[in-house]
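> show me how the following folds:
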Amino acid sequence: MAPDTHIGTTAIVTGAASGIGRSIADHFAAEGRAVLCADINRAGAEKVAATIIKDGGHARAVEVDVADEPSVQAMVDDAISWTGQIDALAANAGIMAEGSALTLSLEDWTRVMSTNATGAFLTARAALPHMIDGGGGAIVFTASTVALAGMKGIAAYSASKGAVVALTRQMAADYADQNIRVNAVAPGAVRTPLSESHFRARAEDDAEFETLLEAVIDRYPLKRWGTTAEIADLVTFLCSDRAGWMTGQIIPVDGGLLELR
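Numbering: from 1, shown residues only. Predicted coordinates for the structure are as follows:
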């Protein structure tokens, strides 16, 4: 079947089944883009796509393991067979594991680096040729404030997001002359299933879990959690023509944590 070239601009969102990725998918759809909702949780991605379609948008769900190159290539092929183009990519999929350098297992280190760092690389690499053929595009990686400042107990996650920061700047330099813009958002504490799993792993019971959450808020000058919508707003801005002179930027969205603490 030939691609439906009448749908309009197309965005791929990885990690779209929940949290920040779900909000990014919703925001892209609200702007009129066709959205390929990609996640290792296919059922979750299908729910997000179904909601977008119900609201009058264009969406499609696909299962992807971003750490697996053939899976990533199949995702991109699906987007091209659907609309014939990729204009924006939000490489957002990520996982977390607890542990410092002395307590983290090599298995967990490898798993987190494979998903967060190698996954970001594979996703961007698969989309790039189609963006170049289409005359340009925008890539936004989801990094983290822990890539810019230290945080106890998450060595693999911090290192993987540091790799994403470096990759953002390197790719921005490599592909600027082909009209590919590459930026990253660096969220602070946003309450999502991923971030909650981090604190659940540290808490012995519900009371301690709530205490840990309150302690997070106390560290932030704005004294609240960020929202997934606030991150998605920035991602969709960076993929729009309004950000047409921005590339290679790492933008914290962190309630003032890094600059005012």
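
> what about the helices in this protein?
19-30, 42-54, 69-83, 106-113, 119-133, 155-175, 193-202, 206-218, 228-238, 257-260 (DSSP state H).

> mean neighbour count, the ones you listed: which tops it?
By mean neighbour count, with neighbours taken as mean count of other Cβ atoms under 10 Å, helix 19-30 ranks first of the helices of the chain at a mean of 26. C-beta here means a position set from N, CA and C on the backbone, and glycine is covered the same way.

> would you mind getting the angle between it and helix 228-238?
Following axes from the mean of the first three to the mean of the last three Cα atoms, to 10 degrees, one obtains 50 degrees for the angle between helix 19-30 and helix 228-238.

> between the helices of the chain, which gets nearest to Pro187?
With Cβ to Cβ as the criterion, Pro187 lies closest to helix 228-238 of the helices of the chain, at 5.1 Å.

> average model confidence for the closest one?
Taken as a whole, helix 228-238 has an average pLDDT of 97.

> now swap in stretch 99-106 and tell me
Over the span of stretch 99-106, the pLDDT mean works out to 94.

> buried residues in that stretch?
For stretch 99-106, burial by neighbour count (16 or more other Cβ atoms under 10 Å) applies to Gly99, Leu104.

> now do stretch 241-258
Here stretch 241-258 shows Ala243, Thr247, Gln249, Ile250, Ile251, Pro252, Val253, Asp254, Gly255, Leu257 as buried, counting by 16+ other Cβ under 10 Å.

> now the residue lying closest to the last one once chain neighbours are set aside: how far from Ile250?
If the residues on either side of it in the chain are set aside, Leu257 comes closest to Gly188, at 4.9 Å by Cβ to Cβ, 6 or more residues apart in numbering. In this view, Gly188 and Ile250 are 13 Å apart by Cβ to Cβ, to the nearest Å.

> before we move on, what about Ala207?
Going from Ala207 to Ile250 by Cβ to Cβ gives 37 Å.

> would you list the phi and psi of Gly244?
Main-chain torsions, Gly244, degrees, to the nearest 10: phi -60, psi -20.

> nearest residue to it in space, please, no chain neighbours.
Nearest to Gly244 is Arg181, by Cβ to Cβ, 6+ apart, at 7.5 Å.

> swap in Glu46?
Nearest non-adjacent residue to Glu46 (Cβ to Cβ, 6+ apart): Ala61, at 4.2 Å.

> the one you found against Ala45, yeah?
Yes: using Cβ atoms under 8 Å, Ala61 is in contact with Ala45, at 4.0 Å.

> what is in contact with these two at once?
Residues touching both Ala61 and Ala45 by Cβ atoms under 8 Å, 6 or more residues apart in numbering: Ala16, Cys37, Ala38, Asp39.

> those residues: which two are farthest apart?
Spanning the widest gap among the shared contacts of Ala61 and Ala45 are Cys37 and Asp39, at 6.8 Å by Cβ to Cβ.

> okay, these two: which has more neighbours?
Neighbour totals were compared for Cys37 and Asp39, and Cys37 leads with 33 against 27 (other Cβ atoms under 10 Å).

> pretty sure that one contacts Ala17?
Yes: between Cys37 and Ala17 there is a contact under Cβ under 8 Å: 7.4 Å.

> show me the common contact partners of the two, please.
In terms of Cβ under 8 Å, 6+ apart, Cys37 and Ala17 are both contacted by the residues Ala45, Val48.

> ok, now which ones touch Leu258?
Thr145, Leu148, Ala149, Gly188, Pro252 are the contacts of Leu258 under Cβ under 8 Å, 6+ apart.

> repeat that for 6 Å
Leu258 makes contact with Thr145, Ala149, Pro252, according to Cβ atoms under 6 Å, 6 or more residues apart in numbering.
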